[in-house]
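[1] Give me coordinates for this.
(2 chains)
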Number of protein chains: 2
Amino acid sequence: MSNGSSAERIATELRAELAGAPAGSRVPSTRSLTDRFGASPVTVQQAMRLLVRQGLVESRTGAGTFVRPSAPAPRADFGWQTAALGPVPSGGGEVGSTLQNPADDVIALHSGYPADDLLPVRAVRAALARASRSRSAIDRPPAAGVPELRTWFAHEVAEATTSAGGAPAASDVVVMPGGQSALSSVFRSLARPGDTVLMESPGYWGAIAAARQAGLVVVPVPRDGDGAVDPVVLAEAFERTRARLFYAMPHFANPTGSAWSPREASAILDVVRQNAAFLVEDDWAHDFALDVPVRPLVAEDPDGHVVYVRSLTKSLSPAVRIAAVIARGPAGSRIRTDRVIDGLYVSGVLQTAALEVVTAPGWAAHGRRMREQLRRRRDALVALVDAHLPGTLTAVPAGGLNLWLRLPDGSDAELFTARAASRGVLVSPGAEWFPAEPTGPFVRLNYSGPDPSRFGEAVRILADCL
Amino acid sequence: MSNGSSAERIATELRAELAGAPAGSRVPSTRSLTDRFGASPVTVQQAMRLLVRQGLVESRTGAGTFVRPSAPAPRADFGWQTAALGPVPSGGGEVGSTLQNPADDVIALHSGYPADDLLPVRAVRAALARASRSRSAIDRPPAAGVPELRTWFAHEVAEATTSAGGAPAASDVVVMPGGQSALSSVFRSLARPGDTVLMESPGYWGAIAAARQAGLVVVPVPRDGDGAVDPVVLAEAFERTRARLFYAMPHFANPTGSAWSPREASAILDVVRQNAAFLVEDDWAHDFALDVPVRPLVAEDPDGHVVYVRSLTKSLSPAVRIAAVIARGPAGSRIRTDRVIDGLYVSGVLQTAALEVVTAPGWAAHGRRMREQLRRRRDALVALVDAHLPGTLTAVPAGGLNLWLRLPDGSDAELFTARAASRGVLVSPGAEWFPAEPTGPFVRLNYSGPDPSRFGEAVRILADCL
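    Residues are numbered from 1 along each chain as shown, chains lettered A, B, ... in the order given. Just a heads-up that it's a prediction; the model follows:
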């Protein structure tokens, strides 16, 4: 090895060591470094000159060599980017409060992700370990997904099909790296920038953000008292906006928990068909149906008006980011193309692990246990809210993971959320779920987080904060 | 269990069995089904009526019950979607030939993904297995990525930093689910629909498609004889188009294999800076530097003109879809926001496994062995091409995975590719790599596929096809 590269090696090692040292720390003397590295004084001095050139240390005559204040920040000038980037895209800066990673000691009623004890943790670990030994750890799966997993997603829907000819096929399925990616892909594929998408309001913040990222104009359609959309209001919105796209969560909407009855669903689908439009059916809570089962609307849709999104991330594990879109006809082909361009394919290891968990004999029993736990959590939180925050609960949800509270008129939901957070209770302020101004002071309480034994403590603190 | 649900259970089981049966097959008699399911004739007949309603079977009086021709396809009417979807987005239908999954017996010189024997298969399997036992199998990682992995990506670049103040920090890194997703996110974040992006031509088909998906106009900038872009030509393109974005692969471009010299890089970066623009530096072949090492340009870029993309998928495993974008200033913040909206976060299990492989003591040695194998493969294919397809090789690449051949004038590259495929040799037609018309009959040969012992056979077949 040449002298030069030896100096570089010493410099690299010293740089790593000095990276954490406070400015002004003394660098070891040349003599101690020659001993330590077994290098000549010339080589050590070359290493020092490298570090000086890199701005990491400075030598003060007669005093030695010292760590410099970290230099990069004050010198960088990003001003030119302001002109290059232009205005912030609408909705581009909003990212949900539900993604906060809370400190250990807080009570987390804000997250969208169920806690460990609701997940099939052992099955997920075993499936991932087995997948790591299989070809799926090395091979590239087909762009639209592992065939058996596509078949499973199609079959889950086909089971709910009653009339002739409506069941989707495996070829209608495309596997996605999570529900959020699925929504982004669907909005990009089914509309063009400037187009309108109708959305139930309140609705999922991630869907609002994904639609805006695709350049769409989000036009809210209010829920009526029962939580469904009035078909007449929807028809008017279609007529007024000439929209071709309606996004909804018919089964246990996030955040309200409300569900469309079969009669409402049928009337709404008729409006969608009459307007030659797509219904994006976000079946996010399929596995969290507590009091009534989910019958996906896509199961009875031979002509491809319903584009169906289902994710397994919340019911398997946050690490298993697997979802599917079911779409028939040219819409399906556009979504498959979009998916390839957006990310080529989804890791085969995650697809294989997901498939193993959902087709294992224990999956149904796990689901029953998990829903039983969720029912207990929901009922406990409902009782506490009724006792300590009377009149705020909008409805007892028949499924999903959330309670949707309307605080007394005149309350400030943001202030309330901040006050609760300062006392160690995290909830989500309602404004995030509205495509336009919120229609009242709402907050969302998620009952699937860690440690339900602290629900009582949490609700009493919330009552205090009002 | 009620009679009704029992009928449903029988129907579900029969449906699964009959799914693969040819139309006209006879369904077992009611009597044999009552025996088999231990159900009453009434229940079995209920099950049959369900199957008839679902269009799966039909009963012919006196003859029995038979499987119907599969019904859904002829009844679906997707015509309305044609109006709803409008014209196909530009470039939306093009998906690279490099994603074909070939049959077992062909010689695959078309793929973008190195074969097993070039991958750290054991390390990847072990890392995935270990990650499946860790908290990363259950937890949701931070949106921008696992901190230690962000630090690793930043450090990889910082090692190449020589002047003061240019090294990126871990906070400038965002982890992405693969290089393609990284490019999509960068194009969406740094420009708006209708804006122009300049691209080296020929260039990566996936980048062309991602830019068009983001609504950008792709303006090609030709490479000169040496394979780099002429700074004067680039400056003219910036002036003519008012573009703020230039996408390039300075190190071993895909497909040509050409690389910018340090002098060329410096002149090109000057042009980018003078135009207050971004250079998207796609360092896809960082781990495949065969004759000269890669020094990322982002290492010397304090003011955030370079947005750097590096993927680990090709060097670790197709299952480990992990990449990173390094971007400073507001550009970095836009990309992080886009990433959250597009897909919330990347699976922690894949991030943790990737981190373990690249920080393991064996990683450097694996890299040396892998590059030695790649050099041998490249040299063998170059010698064969020189012998059997003389005059076609455009240059011997100093890195990357591909040879770029220009067929004799008057050849048809598409026809040549089809002819070769029919004789069991897959190559990529050059047109996919041009944002505009191809400038000649080119094909790309990838030397990282399976079974290099068949290179001789493959090249002789290719010579035959000319």
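[2] contacting residues around the residue of the stretch 351-466 of chain A found nearest chain B?
    Proximity of the stretch 351-466 of chain A to chain B (CB to the nearest CB) peaks at A:A353, 8.2 Å away. In this view, the C-beta of every residue, glycine as well, is placed from N, C-alpha and C. When contacts are counted by CB atoms under 8 Å, 6 or more residues apart in numbering or on different chains, A:A353 is found next to A:124, A:127-128, A:130-131, A:320.
[3] which residues in the stretch 351-466 of chain A form strands?
    With strands called from DSSP state E, counting those that start in this stretch, the stretch 351-466 of chain A shows them at A:402-406, A:425-426, A:428-429, A:442-446.
[4] How about the third one and chain B, touching?
    Read that as strand A:428-429. No. Using CB under 8 Å from any CB of the partner chain, strand A:428-429 never reaches chain B; the gap is at least 15.3 Å.
[5] where's that strand relative to the chain centroid, distance-wise?
    Strand A:428-429 has its C-alpha centroid displaced from the chain centroid by 16 Å (CA atoms, centre = their mean, to the nearest Å).
[6] which helices and strands sit right next to it?
    Contact here means 3 or more CB pairs under 8 Å, 6 or more residues apart in numbering or on different chains; DSSP states H and E; on that basis strand A:428-429 packs against helix A:413-422, strand A:442-446.
[7] Distance from the shortest one to the middle of the chain?
    I take that to be strand A:442-446. Counting by CA atoms, centre = their mean, strand A:442-446 comes out at 17 Å from the chain centroid.
[8] Over to stretch A:357-373?
    23 Å.
[9] which parts of it are buried?
    A:357-358, A:363, A:366-367, A:370-371, A:373 (16 or more other CB atoms under 10 Å in any protein chain shown).
[10] Just say helix, strand or coil for the one residue in the stretch 1-150 of chain A that gets nearest to chain B.
    Per CB to the nearest CB, A:G55 is where the stretch 1-150 of chain A lies closest to chain B, at 2.7 Å. Here A:G55 is recorded as coil under DSSP: H, G, I helix; E, B strand; the rest coil.
[11] how about the strands in the stretch 1-150 of chain A?
    A:57-60, A:64-67, A:107-108.
[12] Tell me where the stretch 101-250 of chain A has helices.
    A:121-133, A:147-158, A:179-190, A:205-213, A:231-241 (DSSP state H, counting those that start in this stretch).
[13] Output the ones you listed in JSON lines; the columns should cover distance to chain B.
    Below are the helices of the stretch 101-250 of chain A laid out as JSON lines (distance: least, CB to the nearest CB, whole Å):
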{"stretch": "helix A:121-133", "distance to chain B": "4"}
{"stretch": "helix A:147-158", "distance to chain B": "8"}
{"stretch": "helix A:179-190", "distance to chain B": "4"}
{"stretch": "helix A:205-213", "distance to chain B": "5"}
{"stretch": "helix A:231-241", "distance to chain B": "12"}
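[14] Determine which stretch of these is the most buried.
    helix A:179-190 (a mean of 28; mean count of other CB atoms under 10 Å in any protein chain shown).
[15] mean confidence score for that helix?
    Summarised as a single mean, pLDDT over helix A:179-190 is 94.
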